[in-house]
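Trainee: Fold the following.
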Amino acid sequence: MIRARLRNMILGGVVALIAPLIATAQDAPDVPPKRVVSINLCTDQLAMMLADPGQLVSVSVLAREPESSAMVEEAQGFPINYARAEEIFMLKPDLVVAGAFSSQATVQMLRKLGLAVEVFEPALSLDDVSAAMTRMGAALHQDARAAHQVAQFEARLAALREQVTTRPRAAIYYANGYSVGDQSLSGQILATAGFDNIAREAGIPMAGNIPLEVLALLDPDVVITGQRYPAASRSEEILDHPVVRQLQDARLRGTIADRDWICGTPHVLRAVEGLIGLRHDYDALGPAAEGAGE
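Mentor: You can find the predicted model right below:
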C-alpha cells in the first residue's frame, strides 16, 4: 500500500513538472501541426495519405505488417513506434492520432502531459470512410487534400456499385466460425460487391459466430474466408473441417486479405474490386455455379 502511494506520488510529481512545459490543445494556436505521431494502424494509413512531407514523424509498428497494413511500402519511409507513452513524448509531437482501441493508458498519460490527442472510432460503414478522411484532413489542416481524396473514393465507389447485377448468397467465414453482418464495414463491402450476406439469415446484424451446422443448412453460393497467418492457430482449424471443405469444393470460394478491409480507408475498394471479380466468376458459370467445384 505504502509503495503504491509512493509510486503514485512520484508519477504525479513528474507529470506536474513536465505538463506545464507543453502547450495544451486548448491553448495552442490554430495552426497546422508540424510533428504528428500516429499510434494506430488505421490512423497510420489515413495520416500517410494526407500529411505533408515531414509533417508525420512516426507511425505504429503495425503499419509495416504486410498481413494487416495496406500501405506497407509507404510505411517504410517513417520511423515506427510501439504506442508507449514515454517514446511518444520523446518525439515531441504537437498532435497524436490514435484509435478507439489504442492503449487507453497511453492516451490518458499523453493527455496528462499536455499533448493533443485525436481519437478515431473504427469504421462501421463505407460512409465512415469518407468521414474519417475528412476528420483526419481537418486534424492535419489538409482539408483540401482530404476533400479531393474523398471525391475520388466516392466516385470509384459509385462506379463499382453500378456493376452489380445478380446477388448470389455469400458467407464470410473466419477463424472460430466468426462472421460479420450488414451493419459492419466488411458486410457493407460484401453488399457493395453484389452479394447477399447469409449472416442476416443467421440473425447476425453486426458480428458473431456461425456454427458449422447452421453454415451447412444455409448452404451459401460462395464461401469467403480470410487469409491464413504464418503461425499455426487452433482457431483456424475450423476452416479445415469437412463441412467447410465440402461447401468450398461444391461452391465458389474466395479469399480477401485482411489488410484490404480492416481499416476504413479508400483502400477498402481493393476488397470491393476483388469480390466483384469473384461475383463475375459466379455469373459466368451461370446454372453451373451450383456445382462449381464438382
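
Trainee: Now for Met109, how many residues are close by?
Mentor: Around Met109 there are 19 other residues, counting by other C-beta atoms under 10 Å. The C-beta positions use only the backbone N, C-alpha and C, and glycine is treated the same way.

Trainee: And Pro32, by the same measure?
Mentor: By other C-beta under 10 Å, neighbour count at Pro32 equals 14.

Trainee: Same check on His267?
Mentor: Per other C-beta under 10 Å, the neighbour tally for His267 reads 19.

Trainee: cool, the one 5 residues further on as well?
Mentor: Each residue near Val272 was counted by other C-beta under 10 Å, and the total is 25.

Trainee: got the buried residues for stretch 118-132?
Mentor: Residues 118-120, 122-123, 125-126, 128-130, 132 are the ones in stretch 118-132 that count as buried (16 or more other C-beta atoms under 10 Å).

Trainee: Could you dump these into a markdown table with pLDDT and distance to Val96 added?
Mentor: Shown next, in a markdown table, are the buried residues of stretch 118-132 (pLDDT from 0 to 100; distance: C-beta to C-beta, whole Å):
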| residue | pLDDT | distance to Val96 |
| --- | --- | --- |
| Glu118 | 97 | 7 |
| Val119 | 97 | 9 |
| Phe120 | 97 | 11 |
| Pro122 | 95 | 18 |
| Ala123 | 95 | 20 |
| Ser125 | 95 | 26 |
| Leu126 | 95 | 27 |
| Asp128 | 97 | 21 |
| Val129 | 97 | 22 |
| Ser130 | 97 | 23 |
| Ala132 | 98 | 16 |
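
Trainee: my read is Glu118 is in a helix, agree?
Mentor: No - according to DSSP: H, G, I helix; E, B strand; the rest coil, Glu118 belongs to no helix; its state is strand.

Trainee: from memory it sits against Ala98, does it?
Mentor: Yes - taking contacts as C-beta atoms under 8 Å, Glu118 lies within contact range of Ala98: 7.2 Å.

Trainee: Many thanks, we can stop here.
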